[in-house]
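K.L.:
Take this sequence and fold it.
(3 chains)
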Amino acid sequence: MRDKLKDFFAVQFEEELIEEIIETGELKFYREGELMMDVGDQINFVPFLLRGVFKILSEDETGGEIAMYFLERGDTCACAFINSLHNPQKSRIRAIAEIDSEVILVSLKNFDEWMVKYKSFRHYVIESYSIRLREMIDAIDTLAFMKMDERLLKYLHDRAQVLRDTMLNITHQEIAYDLNTSRVVVSRLLKQLENLGKIKLNRNRIEVLDL
DNA sequence: ACATTAAGTGATT
DNA sequence: AATCACTTAATGT
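P.N.:
A predicted model of the protein is given here:
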């Protein structure tokens, strides 16, 4: 745990802070597909991602979903910050492990203390928050301005990038859920992209060619 | 061989 | 771009 922490966070964190994190943080392992938090959950911790990828999505009243962005190693969850500033609040988002992942869960109480006590921590949090905000804006104009075919290609690229693999094991239906559209539409657009030579299609698998 | 699940397609709105 | 209704293909038992 100490090594992993140092790998991704220690460059910026003081020794003393690292020790505190190790002492009080809870190391947790999430298997692929496992939920870290769901819409409506009471959140009383802030996660720091040591290894793996989480998909963050929002849900509407009727169960429709929209994938917003991915969390990678070294990231932390912006939505959890909000919970740390106010009193424990309900989660607006769902976080699912895309691959086997490891996180350190830090209690809100410690999080609060460290914000005051450590400059490095404060900076990390603010920096991380602003990165997340930019991603959010990016997600909004993807939704507002891009057509489905562009959104689909962006989705495939993003995914290939965070998973560091151009071979994506995913079904058309799953993509449809993430983009909040129908499977038929995804199938058709994927076929188009294949004809354009941008991807290669197989059952349960999509290879991204033009990265 | 049969059932199940994933993907492809034409027609309609 | 969504939906329906149907076909075809791949995969599991």
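
K.L.:
Tell me which residues touch the residue of chain A found nearest DNA strand B, please.
P.N.:
Of all residues in chain A, A:T171 sits closest to DNA strand B, at 3.3 Å by CB to the nearest atom of the strand. (C-beta placed from N, C-alpha, C; glycine too.) In this structure, A:T171 makes contact with A:N204, judged by CB atoms under 8 Å, 6 or more residues apart in numbering.

K.L.:
The closest residue in space to A:T24 that isn't next to it in sequence in helix, strand or coil?
P.N.:
Distances taken as CB to CB, 6 or more residues apart in numbering put A:N110 closest to A:T24, at 5.3 Å, once the chain neighbours are dropped. At A:N110 the chain is in helix, as set by DSSP: H, G, I helix; E, B strand; the rest coil.

K.L.:
For A:F70, see how far away A:T181 is.
P.N.:
Noted for A:T181: a distance of 19 Å to A:F70, by CB to CB, to the nearest Å.

K.L.:
For the residue nearest to A:T24, the count of nearby residues, please.
P.N.:
18 (other CB atoms under 10 Å).

K.L.:
check contacts around it.
P.N.:
A:E20, A:T24, A:G25.

K.L.:
how about a cut-off of 10 Å?
P.N.:
A:E20, A:I21, A:E23, A:T24, A:G25, A:F45, A:V46, A:S84, A:K117 (CB atoms under 10 Å, 6 or more residues apart in numbering).

K.L.:
Tell me which residue of chain A lies closest to DNA strand C.
P.N.:
A:M148 (2.9 Å).

K.L.:
Counting neighbours, what do you get for A:M115?
P.N.:
Neighbours of A:M115 (other CB under 10 Å): 17.

K.L.:
and it, what helix or strand is that in?
P.N.:
Assigned by DSSP states H and E, A:M115 belongs to helix A:108-117.

K.L.:
Is DNA strand C within reach of the very next helix or strand once past that helix?
P.N.:
Next helix or strand after helix A:108-117 toward the C-terminus (DSSP H and E): helix A:119-145. No - using CB under 7 Å from any atom of the strand, helix A:119-145 never reaches DNA strand C; the gap is at least 10.7 Å.
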